[in-house]
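1. okay, here's the prediction I keep looking at, along with the sequence it came from:
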Amino acid sequence: MAFLLVVAVATLAAGNPPGRLRGFGRNYLPSKRHPNAFAAKSRSTLPTRAVDKGQSVAIVGGGPAGLATALMLARRGYTNIHLFERLSTIVERQMSTRSYNIGLNGRGQIALKSLGALDRISQAAYEVRGRKEWGPAGSNVEEREFTDRRYLTKVILRQNLVNCLREEVDAQAADVVQVSEGVECVGITWEPGTHRPIIDLAPADGSPARTKAFDIVIGVDGAASRIREKMVSTESCVEYTRYPPRNTRVYRTLNLTLPADWRNDVNYAARGDKDRGLLFDALPLSTDMRENNPKILLGAMLSKPGDPRLGGEKGLSTAEARALLNELFPQFSKLASDEAVAEFAQAKDQRLPEFSYCHGQLHYKNSTVLLGDAIHTVKPYFGLGVNAAFEDVSSLEKALDAAGDSFGDALGIFSSSRAESAKALVEISRDFDRDTRNPLELAKFLVPLLLDNLFHNLAPNLFERATLKLLQDERYSFAEIAQRKRQDRIQQAVTLASLLLASGTAIAKLVH
């Protein structure tokens, strides 16, 4: 027993306090895991060379991360940027049944501020300061304020986020960024020897496809990335892991009128039944980017595919949908107009993405690189997907800083600084994605949270906060969080084993 207690004490002593872990807190010690430290090291080792900022750059994907990438390169002085988006129009002014909210946390806000885009986006967003949650059928109301966050989450409709970024590109870089809408990248090859990328472009209007060569290609084309698909199948170091479906969820949205006596800075949520089969989440938003607009709530109902209560393939009638809402979510049903309920009833379920990530390298040779959902795809439960994508853009910018704007060198630096975090983000997020109707899965979800809170409250200088809280702290990379949590788990196990052995020994002495 004495030996185990010594081991426990030694383990705890060896564990760095939260502020002293490599890359953590004020007592930051640079390490190769931290992108800034890696970039600083690279600056001193890479040769200085003339850089052609007129080289042609193709950005495949016109979503938030693609537009942010175009903006970042333009601000750095690149003058020949081409952005391709498969949809016929990037800017959307009307809401649709596919519309959904995005929460911008500290990670995303820092990246957007560096691009000069945060002010415009903030005008179209609401800050969320608290959460109100109901139990089944409106029971057991719980409320809490977010007082422990360095950045309040800014909530914005996805299409408004895209609209703001497109306006920012037009305002800052219209002369150097050429945007082609309704053009899909359906393939990519590389010239032998030079590895110059050639992309296959297919117009949405059915006109003949064409090929075009670029000096650099940046794939920001989402979870089903064609660029990534070709990079993985080519003899390269790019590897891709896609987890099989587990705890699959679908959603459909419902527009709600925000009552005058409801706060517009709160995340509203409810459980529709005890087995957590139906969940409802609602966040405030503005229907466009102009001020003084009537405020509404955009609600989203999460369910399992094929839930019979949602009518299956035939869907629901408006009356059936209203009856379902009255029964399970009465607090939200009264906020929905008959027109909104009718749209909800006939809407098709939208499937949440499954988990996947790239590892090894995130680039091919000196000419092609992946960002955003193309390298890390997660379910949007914790608002990490788009924020991690904006961090990717910042990491690429730091890599360009380190390489003196030499793309060939910068892509290797980016892979080294970002691949580990992409993997950690997906693995951590997937570990929280459990079907809590299953008692074992519920235990796997709750026990780590309870242990983290218990040990952190007892010894905050030795044990870090719960993983969910660390994920929202922009000071720490996802790789650092994963490293710290592995250390905490070992220390917790040793401590608990020592306590159990000590208790058993004490009981044995009392018995004898």
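-> Received the coordinates, thanks.

2. element containing L400?
-> If you go by DSSP states H and E, L400 is part of helix 385-402.

3. I should have written R228 there, sorry.
-> Using DSSP H and E, R228 sits in helix 226-233.

4. quick one: residues in contact with that helix.
-> Helix 226-233 has contacts (CB atoms under 8 Å, 6 or more residues apart in numbering) with 60, 185-189, 217, 219, 221, 238-240, 358, 364, 368, 370, 374-375. In this view, the C-beta of every residue, glycine as well, is placed from N, C-alpha and C.

5. in the helix or strand just after it, which residues are buried?
-> Counting by DSSP H and E, the next helix or strand C-terminal to helix 226-233 is strand 238-242. By neighbour count with 16 or more other CB atoms under 10 Å, strand 238-242 contains the buried residues V238, Y240.

6. got the angle for strand 238-242 vs helix 226-233?
-> 110 degrees (axes from the mean of the first three to the mean of the last three CA atoms, to 10 degrees).

7. skipping adjacent residues, who's closest to the residue nearest the centre of the chain in space?
-> Nearest residue to the geometric centre of the chain (CA atoms, centre = their mean): G385, 1.4 Å. Leaving aside its chain neighbours, G385 sits nearest to V378 (5.3 Å; criterion: CB to CB, 6 or more residues apart in numbering).

8. wait, doesn't that neighbour sit right on L384?
-> Yes - using CB atoms under 8 Å, V378 is in contact with L384, at 5.8 Å.

9. hey, what's in contact with both of these two?
-> Residues touching both V378 and L384 by CB under 8 Å, 6+ apart: L425, S429.

10. which stretches of the stretch 201-350 of the chain form strands?
-> For the stretch 201-350 of the chain, strands defined by DSSP state E, counting those that start in this stretch occupy the ranges 210-213, 216-219, 238-242, 250-257, 266-271, 279-286, 295-303, 350-351.

11. ok, the longest one: who's next to it in the sheet?
-> Put plainly, it is strand 295-303. strand 250-257 (antiparallel), strand 279-286 (antiparallel) (DSSP bridges).

12. same question, the first one
-> Partner strands for strand 210-213, per DSSP bridges, with pairing direction: strand 197-203 (antiparallel).

13. quick one on the thing from earlier: C-alpha coordinates for the helix holding R228, CSV please?
-> Coordinates of the C-alpha atoms in helix 226-233 are reproduced here as CSV (Å, rounded to 0.1, in the frame of the first residue of the first chain):
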residue,chain,number,x,y,z
ARG,A,226,-13.0,15.5,-54.4
ILE,A,227,-9.6,17.0,-53.9
ARG,A,228,-9.0,14.8,-50.8
GLU,A,229,-10.3,11.7,-52.6
LYS,A,230,-7.7,12.1,-55.3
MET,A,231,-4.9,12.9,-52.9
VAL,A,232,-5.6,9.8,-50.8
SER,A,233,-5.7,7.6,-53.9
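
14. work out the gap between the longest helix seen in the chain and the centre of the chain.
-> Ranked by residue count and defined by DSSP state H, the top helix of the chain is helix 478-511. Centroid separation between helix 478-511 and its chain, computed with CA atoms, centre = their mean, to the nearest Å, is 33 Å.

15. outside of stretch 143-156, which residues touch it?
-> Against stretch 143-156 from outside (CB under 8 Å, 6+ apart): 101-106, 109, 121-122, 124-133, 164, 267, 283-285, 383, 469, 472-475.

16. point out where the protein drops to low pLDDT.
-> Applying pLDDT under 70 to the chain flags the ranges 1-50, 91-99, 274-276, 286-294.

17. from what I can see E167 touches Q123, true?
-> No - with contact defined as CB under 8 Å, E167 does not reach Q123; the gap is 10.8 Å.

18. looking at those two, which has the bigger crowd around it?
-> Between E167 and Q123, counted using other CB atoms under 10 Å, the more crowded position is E167 (17 against 14).

19. mind checking which helix or strand that one is in?
-> helix 158-173.

20. which of the residues in that helix are buried?
-> Going by neighbour count (16+ other CB under 10 Å), the buried part of helix 158-173 is 158-169, 172-173.

21. buried sites along the longest helix of the chain?
-> Within helix 478-511, the residues scored as buried using 16+ other CB under 10 Å are 478-485, 487-488, 491-492, 494-495, 498.

22. with respect to Q350, which of those is nearest?
-> For the buried residues of helix 478-511, the residue nearest Q350 by CB to CB is F478; the value is 26.1 Å.

23. ok, now which ones touch the closest one?
-> Neighbour list for F478: A388, S421, A422, A424, L425, I428, L471 [criterion: CB under 8 Å, 6+ apart].

24. same thing with T318?
-> By CB under 8 Å, 6+ apart, the contact set of T318 is D338, V341, A342, A345.

25. dump those residues into a markdown table; add neighbour count and distance to L297 as well.
-> Shown next, in a markdown table, are those (neighbours: other CB atoms under 10 Å; distance: CB to CB, whole Å):
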| residue | neighbour count | distance to L297 |
| --- | --- | --- |
| D338 | 10 | 17 |
| V341 | 22 | 14 |
| A342 | 17 | 18 |
| A345 | 21 | 18 |
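
26. a markdown table for those, including distance to S88?
-> Output for these, formatted as a markdown table (distance: CB to CB, whole Å):
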| residue | distance to S88 |
| --- | --- |
| D338 | 32 |
| V341 | 30 |
| A342 | 27 |
| A345 | 28 |
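
27. nearest to G299 among the residues you listed?
-> G299 lies nearest to V341 out of these, by CB to CB, at 11.1 Å.

28. so what's that closest one up against?
-> Residues counted as contacts of V341 (CB under 8 Å, 6+ apart) are L254, T318, A321, R322, L325.

29. pull up the distance across stretch 220-239, start to finish.
-> Its start and end residues considered, stretch 220-239 measures 17 Å (CA to CA, to the nearest Å).

30. would you mark the buried spots in it?
-> Buried residues in stretch 220-239 (16+ other CB under 10 Å): 220-223, 225-231, 236, 238.

31. neighbours around E397, how many?
-> E397: 22 neighbours (other CB under 10 Å).

32. P305 and F432: what is the separation?
-> Applying CB to CB, to the nearest Å, the value for P305 to F432 is 20 Å.

33. these two: which is more packed in?
-> Neighbours per residue, other CB under 10 Å: of P305 and F432, the larger number sits with F432, 17 against 12.

34. ramachandran coordinates for that one?
-> phi -90, psi -10 (degrees, to the nearest 10).

35. spit out the contact partners of the closest residue to it other than its chain neighbours.
-> Using CB to CB, 6+ apart and skipping the chain neighbours, the partner closest in space to F432 is F445 (6.6 Å). Listed by CB under 8 Å, 6+ apart, the contact set of F445 reads F432, R434, T436.

36. try it again with 10 Å
-> Going by CB atoms under 10 Å, 6 or more residues apart in numbering, F445 touches D431, F432, D433, R434, D435, T436, N438.

37. how far away is the third one from V183?
-> This means D433. Note on D433: its distance to V183, by CB to CB, is 34 Å.

38. the more surrounded of these two?
-> V183 (24 against 20).

39. go ahead and confirm that one touches I90.
-> No - when contacts are counted by CB atoms under 10 Å, V183 is not listed as touching I90 (11.4 Å).
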